[in-house]
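Trainee: Show me the folded form of this:
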Amino acid sequence: MKRFWIINLILFQASWAAAAWYPQQAALIIASLLVVHFLCSPSPRFDSKILLLSLIGISADALLLFLGAFYSPMAFFPLWLLLLWFMFVISLNHCLHWLINQPIGLLACFGALGGTLSYWAGIQAGALQTHWPITWLIGSLMLTWSILLPLLIYGYRYLQMIFRDLSR
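Mentor: This is a model prediction of the structure:
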């Protein structure tokens, strides 16, 4: 299963596409893709442990939702967004694992660009909406993700160290 990262990449992209283009059905689709992930994963135990990191992203999104940066017409915090965070976090152990040893500056830049573009594309697809001026929205997303991605990576490294030490 050395090439599982390809399967994870496909599952992650399919999850994002479901959230962006089929938000009404996205929770069921993403939940199903998570089940497929865990059935196929070479490291389901560690994948389940790093789900703790999703609380960081969910908290950041909850704050942005509360502040009105974006909103969902379906619910304050849609279930598909929570499940998408699960898929993103476990992807750090697979298709996004190349990020783990990158310097903080690169992580901040990648987060600011990648995270912002992902949310902007989701807004353009209609999964989320905003009333904020574009410059405020883009600026807040860039700031959030320039902090969020390094924080998630450092959290991943920490959990990896803890669970490695506990398994000895």
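Trainee: quick one, longest helix in the protein?
Mentor: Counting by DSSP state H, the longest helix found in the chain is helix 134-166.
Trainee: Packing partners of that helix?
Mentor: helix 44-49, helix 54-67, helix 104-110, helix 116-125 (3 or more CB pairs under 8 Å, 6 or more residues apart in numbering; DSSP states H and E). Just so you know, the C-beta spots here come from the backbone N, C-alpha and C atoms, and that holds for glycine as well.
Trainee: for those, which one sits closest to N8?
Mentor: helix 44-49 (9.3 Å; CB to CB).
Trainee: Determine the number of other residues adjacent to the residue lying closest to P73 once chain neighbours are set aside.
Mentor: Closest residue to P73 apart from its sequence neighbours, by CB to CB, 6 or more residues apart in numbering: Q129 at 6.4 Å. The local packing of Q129 (other CB atoms under 10 Å) involves 11 other residues.
Trainee: The one 10 residues further on too?
Mentor: G139 is surrounded by 15 other residues when neighbours are defined as other CB under 10 Å.
Trainee: From L149, how far off is it?
Mentor: To L149, G139 is 16 Å away according to CB to CB, to the nearest Å.
Trainee: swap in S32?
Mentor: 27 Å.
Trainee: Check W80 too.
Mentor: Taking CB to CB, one finds W80 at 21 Å from L149.
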